[in-house]
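1. output the structure for:
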Amino acid sequence: MGTSAGGSVDVKAPAPSGVLILSNDFLTPFAKTSDYLADAFERQHIPAYVRDNADARLLTFLFLDEMAPRIPQAQAAVAEALRELIEYAAIDTVVSLDLNWFVTPGLLVDDPAIRAIHSLWFDDFRSWSTSPFNPCFPVEGAVFQQHVKHPKVTHHFYGDCQAHEARMLGVTRQKLTRLAAPRSLLQEEAPCTRRDRLAFIGNPGFRGTPHEGAVKLMEAGAEIDDLRAFCRDAILRHPEAHTVKWFEEEPTVKNLLGVAVEARRRFPYQPALQIVQMAGTHYPRAFEYMNEKGAILDLAFLVKLVNRYDRPAFVHRLWRRGWIDVYSAEDEWKPYGIEALPYVSFGDLPAHYRMYAAHLNAPNAIRDATANEKLFEVSACGRMSINLDSPDVRSCYGRGEIGLVDSLAALEAVAEEVLRDPDAALAQGVRARARTAREHLWDHRIAALMAG
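-> Residues are numbered from 1 along each chain as shown. Here you go, the predicted structure:
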């Protein structure tokens, strides 16, 4: 307990008596991060119970059509099982990535035993709601909004733009909570055996088939801004069917979108939804039309796609030089002319991180957030990461701990230096590891979450 500058007394929230972590085990990143969270709670001597919400997901699929009249019975069965656990384990706090806690309407927000629900967002509202991997029992829009904005619920965003977008959507009960690394990575030791190459582990980000013109630009050595300009033009010249319909029904939508995608090219780390809103002040009829269609977030998604080739270009530039090993699922990188090494399972990630002196890291374009988990995990393993310079990343680590570049030419220069002097890169990794141990473990995030 302490006193704030204004003289009022700050009362620290009581520690949870038990925590329920609801996961989506179909998505491995969610499953492993849920386990990291549970471990961090347990180190605080708070019992944590991880449960997959598979029952709700599978029953939702099952009851979509001919069995729809029995949905209430399915909801009741799922709710009863979780209520038994909540009572047995004295659970008063619920945590999940995104909205995996939204199992059945009313289940958690109406339970008097539950005093706090925390959504730690990997995605954004649009991505979660439209993903086929996140089905939930059907509810009216008003009921969904009541749950999302319930006083028990706090939303945690790992990117400044994510948080800004949520505020614009009326989600004001929120915190900026960066992603983190598990403490176990600090104890991982393995030698650096590939001093002659860098590595990238992961997919190209946005998984749509790349435009052949974009790949040709990469092969010709185009810069990131050239690729963003190409993508800006492609969004307008080769629109999807639903976008064409917008243009036909309200022609000024194309004008609004044109202003928005150009603004995103110039300011790649401004919130896409904010850009759409500002462009809408110049084209109010278009903005009103998109609002009436309920498609504002779809428009913002197109704006985000201006950055869709940032990550592929990052990887492609060093692949052309023969300086990098790429690990991914077999077909992910083929459209870019890149032959990937086998996919690395999550259990093998630490050894692969430590195998190299430095790793490339770049954000997924569809998320308005750039400080991803890999940033922290590579650092926890004592290795240097080379990142596109952005406010989110810079707020977590600085030069001398990670590499920060704003162009592909700068990327090449840093990569060449790493290959010339891998010991200097390893020294940066040591400093990044120390910073991670001080500030960027899931233990730190859990402590802040519990502090209220």
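2. from here on, just use CA atoms for contacts and neighbour counts.
-> Will do.
3. CA atoms only: put stretch 86-98 into CSV for me.
-> What follows is stretch 86-98, C-alpha atoms only, in CSV (Å, rounded to 0.1, in the frame of the first residue of the first chain):
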residue,chain,number,x,y,z
ILE,A,86,-13.6,-23.1,-10.5
GLU,A,87,-15.2,-24.2,-7.3
TYR,A,88,-12.8,-27.1,-6.5
ALA,A,89,-9.6,-25.0,-7.1
ALA,A,90,-10.9,-21.8,-5.6
ILE,A,91,-10.3,-20.0,-8.9
ASP,A,92,-10.9,-16.3,-8.9
THR,A,93,-8.8,-15.1,-11.9
VAL,A,94,-9.0,-16.1,-15.5
VAL,A,95,-6.3,-15.5,-18.1
SER,A,96,-6.2,-16.3,-21.8
LEU,A,97,-4.6,-15.2,-25.0
ASP,A,98,-7.0,-13.2,-27.1
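4. buried sites along it?
-> Neighbour counts over stretch 86-98 (16 or more other C-alpha atoms under 10 Å) mark 86, 89-98 as buried.
5. ok, these vs residue 420, which is closest?
-> Closest to residue 420 out of these is residue 97 (40.6 Å), distances taken as C-alpha to C-alpha.
6. in the sheet, which residues pair with the closest one? Tell me.
-> Note on residue 97: beta-bridge partners by DSSP bridges are residue 120.
7. that one contacts residue 20, doesn't it?
-> No. Residue 97 lies out of contact with residue 20 (C-alpha atoms under 8 Å); the separation is 12.0 Å.
8. tell me the helix or strand right after the helix or strand where residue 117 lies.
-> Assigned by DSSP states H and E, residue 117 falls within strand 116-121. The first helix or strand that comes after strand 116-121 along the chain, using DSSP H and E, is helix 125-130.
9. using PDB, write out every CA atom in that next one.
-> Once non-C-alpha atoms are left out, helix 125-130 reads as follows in PDB (Å, rounded to 0.1, in the frame of the first residue of the first chain):
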ATOM      1  CA  PHE A 125     -10.400  -8.300 -32.700                       C
ATOM      2  CA  ARG A 126     -11.000  -8.700 -36.400                       C
ATOM      3  CA  SER A 127      -8.400 -11.500 -36.800                       C
ATOM      4  CA  TRP A 128      -9.800 -13.400 -33.800                       C
ATOM      5  CA  SER A 129     -13.400 -13.100 -34.700                       C
ATOM      6  CA  THR A 130     -12.900 -14.200 -38.400                       C
END
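10. got the phi/psi numbers for the residue nearest to residue 385 when sequence neighbours are not counted?
-> Leaving aside its sequence neighbours, residue 385 sits nearest to residue 359 (C-alpha to C-alpha, 6 or more residues apart in numbering; 4.8 Å). When read as degrees, to the nearest 10, the backbone of residue 359 gives phi -130, psi 150.
11. for residue 359, list each beta-bridge partner.
-> Note on residue 359: beta-bridge partners residue 199, residue 385, judged by DSSP bridges.
12. so what's it up against?
-> By C-alpha atoms under 8 Å, 6 or more residues apart in numbering, residue 359 lies in contact with 198-200, 353, 378, 383-386.
13. top of those by neighbour count?
-> residue 384 (34 neighbours; other C-alpha atoms under 10 Å).
14. measure that residue to residue 75 for me?
-> Using C-alpha to C-alpha, to the nearest Å, residue 384 is found at 48 Å from residue 75.
15. same thing with residue 367?
-> Residue 367 sits 32 Å away from residue 75 when distances are taken as C-alpha to C-alpha.
16. so between those two, which is more surrounded?
-> Taking other C-alpha under 10 Å, residue 367 and residue 75 do not tie; residue 367 has more neighbours (23 against 19).
17. count residues in the vicinity of the residue nearest to the more buried one when sequence neighbours are not counted, would you?
-> Closest residue to residue 367 apart from its sequence neighbours, by C-alpha to C-alpha, 6+ apart: residue 123 at 6.4 Å. Using other C-alpha under 10 Å, residue 123 has 19 neighbouring residues.
18. I figured residue 123 hits residue 98, correct?
-> Yes. If you go by C-alpha under 8 Å, residue 123 and residue 98 touch, sitting 6.6 Å apart.
19. residue contacts, the residue nearest to the spatial centre of the chain?
-> Residue closest to the mean C-alpha point of the chain, counted by C-alpha atoms, centre = their mean, is residue 122 at 3.6 Å. Residue 122 sits next to 97-98, 157-158 when contact means C-alpha under 8 Å, 6+ apart.
20. looking at these, spot the one nearest residue 321.
-> The shortest gap between residue 321 and any of these belongs to residue 158, at 33.3 Å (C-alpha to C-alpha).
21. do you know how far the closest one is from residue 336?
-> Distance from residue 158 to residue 336, by C-alpha to C-alpha: 29 Å.
22. if you look at the buried residues of stretch 86-98, which of them are in helices?
-> In helices, judged by DSSP state H, the following of those are found: residue 86.
23. from the buried residues of stretch 86-98, pick the one nearest residue 433.
-> Nearest member of the buried residues of stretch 86-98 to residue 433, counting by C-alpha to C-alpha, is residue 97, at 25.0 Å.
24. and the gap between the closest one and residue 24?
-> For residue 97 relative to residue 24 (C-alpha to C-alpha), the value is 9 Å.
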